[in-house]
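Student: Sequence and predicted structure below; questions after.
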Amino acid sequence: MVRWSLHQFGELTPPDLYELLTLRSAVFVVEQQCAFLDMDNKDQQSWHLLGKINNQLVAYTRLLPAGLAYESCSIGRVVTADTVRRTGVGKLLMEESINCCEKLFGKGAIVIGAQLYLEKFYQSFGFIREGEIYLEDGIEHIHMIRTA
């Protein structure tokens with residue numbers, strides 16, 4: 001069972017911050033072989049959704065208010081630990097992320113910059129493609145939006 005917690009940046013404990021940055025780096029930098037600076041000065045103004053099983057971080061998203069990355073609020077840095085992939089945790093993570101966005105920012109549009117291979121996954125939550133494929137750090141991405 002996943003235990004969810006939602007924090008503003010200043011509320012994160014040092015161990016939680018270390019754990020979420022480690023998970024993001026393990027997946028986005030090491031696993032996806034993408035040399036990029038993950039810390040982009042958006043974390044400080046964002047909310048952080050942590051999903052833990054047995055007190056270990058296995059799922060994470062960053063929830064950004066409107067105007068920080070896009071005109072609408074957005075969900076970013078969507079990541080699950082390899083130990084829980086294909087178990088439904090990713091689906092739970094997106095459901096919880098959408099719910100948290102609606103509670104925090106209201107029932108408006110939500111934008112994501114999705115890796116192209118995950119388009120169908122995000123479509124299952126009501127996101128639709130907007131625009132053309134673009135490269136970000138060598139990986140094909142698309143903008144997707146979910147309207148209220």
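Tutor: Yep, it's here.

Student: for Glu119, helix, strand, or coil?
Tutor: helix (DSSP: H, G, I helix; E, B strand; the rest coil).

Student: I figured it was touching Ile142, is that so?
Tutor: Yes: with contact defined as CB atoms under 8 Å, Glu119 counts as touching Ile142 (6.3 Å). Using the backbone N, CA and C atoms, a C-beta is placed for each residue, glycine as well.

Student: Which neighbours do these two have in common?
Tutor: Taking CB atoms under 8 Å, 6 or more residues apart in numbering as the criterion, Glu119 and Ile142 both touch Arg129.

Student: which one of those two has more residues nearby?
Tutor: When neighbours are counted by other CB atoms under 10 Å, Ile142 comes out ahead of the other of Glu119 and Ile142, with 20 against 17.

Student: which strands and helices sit next to the helix or strand hosting the more buried one?
Tutor: For Ile142, the enclosing helix or strand under DSSP states H and E is strand 139-146. Where contact means 3 or more CB pairs under 8 Å, 6 or more residues apart in numbering; DSSP states H and E, strand 139-146 is packed against strand 110-115, helix 119-123, strand 128-136.

Student: Can you tell me the strand partners of that strand and which way each runs?
Tutor: Using DSSP bridges, strand 139-146 pairs in its sheet with strand 110-115 (antiparallel), strand 128-136 (antiparallel).

Student: Now mean neighbour count and mean pLDDT too, for those strands, in CSV please.
Tutor: Converted to CSV, those look like this (neighbours: other CB atoms under 10 Å; pLDDT from 0 to 100):
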stretch, mean neighbour count, mean pLDDT
strand 110-115, 21, 97
strand 128-136, 11, 94
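
Student: in the helix ranked longest in the chain, what's buried?
Tutor: Criterion DSSP state H: the longest helix present in the chain is helix 89-105. Under the neighbour-count criterion of 16 or more other CB atoms under 10 Å, helix 89-105 has 89-90, 92-94, 96-98, 100-101, 105 buried.

Student: Tell me which two of those sit farthest apart.
Tutor: Val89 and Phe105 (23.7 Å; CB to CB).

Student: Save the helices and strands packed on strand 139-146 as TSV, and put in distance to Cys34 too.
Tutor: TSV is the format used below for those (distance: least, CB to CB, whole Å):
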stretch	distance to Cys34
strand 110-115	11
helix 119-123	19
strand 128-136	9
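
Student: If anything else comes up later, I'll come back, but that's it for now.
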